[in-house]
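Asks: Next come a sequence and a model predicted from it.
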Amino acid sequence: MNNMTSRMPLILILCATLLLAAIGAYLFWPKDTVSLQEPADAASEDAAKAAAAAGMSADDRKATEAIVRAYILENPEIITEAIGVLQKREATQRLSAVGSKLTEPFPGAEFGNPNGDVTLVEFTDYNCGYCRSSVADVQKLIDSDSNIRVVIRELPILSASSRDAALWALAAAKQGKHKAFHDAMFSGGRPDAQSIRAAASKAGMNLPAAEKFVRSREAMAEVESNIAIMQQVGFGGTPTFIIGDQILEGAVGLDALKAAVAKARKAG
């Protein structure tokens, strides 16, 4: 066995260190406060430490770095793959930090099967056109799969009228009318005082009770909690669907939702 072969595991460790250190430095270094040279210097320092720990000479290190550089240039797609792995890992960690709070709905703000084996959490804004276009997809999903639980989290981030509609949706949930209000709101015009009241009436809500509730601390706290979850998980728009450890942003369509449900179900 020659010297290079005997050191192959150490060389592989160095290769991984070089690639991940460079990508990690590029992704997460605060580029608005430092030059781009600093991430490169940090990656080089990490690589030097790995080489020293592996007992590699300076010549061995240079040869290995040349091999790694040539491989990356010939196969640049591995950078995208590595970034995807890093982002997924970060997202999983953030979801774990949120814990069960994510899937515990505001009382009444859920539909589908309350005992379903897969929970789909949707963050939505009644001013969001993509949310509006996703309503039919979510409905088709639960119509085709009787073992899905849907939790709606009101996330009014687009305008003041979004917040008004969200508070009324929570009032609807309090009255056991959330799904009816949700559908009526998205099937009507954009949120304003008139369209919100029209949706509430269509849903059969007690309007005086709702008017009182939308001014309550309980309603405000729920909206603030949902915004905090958004910030903690790290997404910035609606609709956002979270299914298991998967985060799907935007109007992804029925097939993507089904695939995410199947993956979550397989993961158990």
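Replies: Happy to help now that I have it.

Asks: so what's the residue nearest the centre of the chain up against?
Replies: For the chain, Ile247 is the residue whose C-alpha lies nearest the centre (C-alpha atoms, centre = their mean; 3.5 Å). Ile247 sits next to Ala91, Leu95, Val233, Phe235, Thr240, Phe241 when contact means C-beta atoms under 8 Å, 6 or more residues apart in numbering. No exception for glycine: its C-beta is placed from N, CA and C like everyone else's.

Asks: As JSON lines, those with secondary structure and neighbour count would be great.
Replies: Shown next, in JSON lines, are the contacts of Ile247 (DSSP: H, G, I helix; E, B strand; the rest coil; neighbours: other C-beta atoms under 10 Å):
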{"residue": "Ala91", "secondary structure": "helix", "neighbour count": "17"}
{"residue": "Leu95", "secondary structure": "helix", "neighbour count": "19"}
{"residue": "Val233", "secondary structure": "helix", "neighbour count": "18"}
{"residue": "Phe235", "secondary structure": "coil", "neighbour count": "20"}
{"residue": "Thr240", "secondary structure": "strand", "neighbour count": "21"}
{"residue": "Phe241", "secondary structure": "strand", "neighbour count": "26"}
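
Asks: pretty sure Phe111 is in a helix, no?
Replies: No. Applying DSSP: H, G, I helix; E, B strand; the rest coil, one finds Phe111 to be strand, outside a helix.

Asks: Where do the helices of this protein begin and end?
Replies: Ranges of helices within the chain are 3-6, 8-28, 37-53, 58-74, 77-98, 129-144, 160-174, 178-187, 193-202, 207-213, 217-233, 254-267, based on DSSP state H.

Asks: for the contacts of Ile247, which one is nearest Asn113?
Replies: Set against Asn113, the nearest of the contacts of Ile247 by C-beta to C-beta is Phe241 (16.9 Å).

Asks: Can you give me the neighbour number for the closest residue to Val261 other than its chain neighbours?
Replies: Setting aside the residues directly before and after it, Val261 is nearest to Val118 in space (C-beta to C-beta, 6 or more residues apart in numbering), at 5.2 Å. Neighbour count of Val118, defined by other C-beta atoms under 10 Å: 20.

Asks: likewise the one 3 residues further on?
Replies: Val121 sits with 21 neighbouring residues when counted by other C-beta under 10 Å.

Asks: now it: how far from Lys212?
Replies: Distance, Val121 to Lys212, using C-beta to C-beta, to the nearest Å: 28 Å.

Asks: How about Pro105?
Replies: For Pro105, the distance to Lys212 (C-beta to C-beta) stands at 22 Å.

Asks: of these two, who's got more company?
Replies: Shown here are Pro105 and Lys212; by other C-beta under 10 Å, Pro105 has more neighbours (20 against 12).

Asks: which residues sit in contact with that one?
Replies: Applying C-beta under 8 Å, 6+ apart, one finds that Pro105 lies in contact with Val151, Ile152, Arg153.

Asks: where are the low-confidence patches of the chain?
Replies: Applying pLDDT under 70 to the chain flags residues 1-56, 84, 87.

Asks: Kindly recompute the last result at 80.
Replies: Applying pLDDT under 80 to the chain picks out residues 1-65, 67-69, 71-72, 76, 78-97, 268.

Asks: Phe123 against Val151, yeah?
Replies: No. Phe123 lies out of contact with Val151 (C-beta atoms under 8 Å); the separation is 9.8 Å.

Asks: neighbour count winner among those two?
Replies: In terms of neighbours (other C-beta under 10 Å), Phe123 is the more surrounded of Phe123 and Val151; the figures are 25 against 20.

Asks: give me the beta-bridge partners of the more buried one?
Replies: Arg153, Thr240 (DSSP bridges).

Asks: Report the separation between it and Asp164.
Replies: Distance, Phe123 to Asp164, by C-beta to C-beta: 17 Å.

Asks: repeat for Leu73
Replies: Counting by C-beta to C-beta - Leu73 and Asp164 are separated by 54 Å.

Asks: hmm, who's touching stretch 185-200?
Replies: Counting by C-beta under 8 Å, 6+ apart, residues outside stretch 185-200 touching it are 126-127, 131-132, 135, 159, 161-162, 164-165, 168-169, 171-172, 181, 184, 202, 207, 210.
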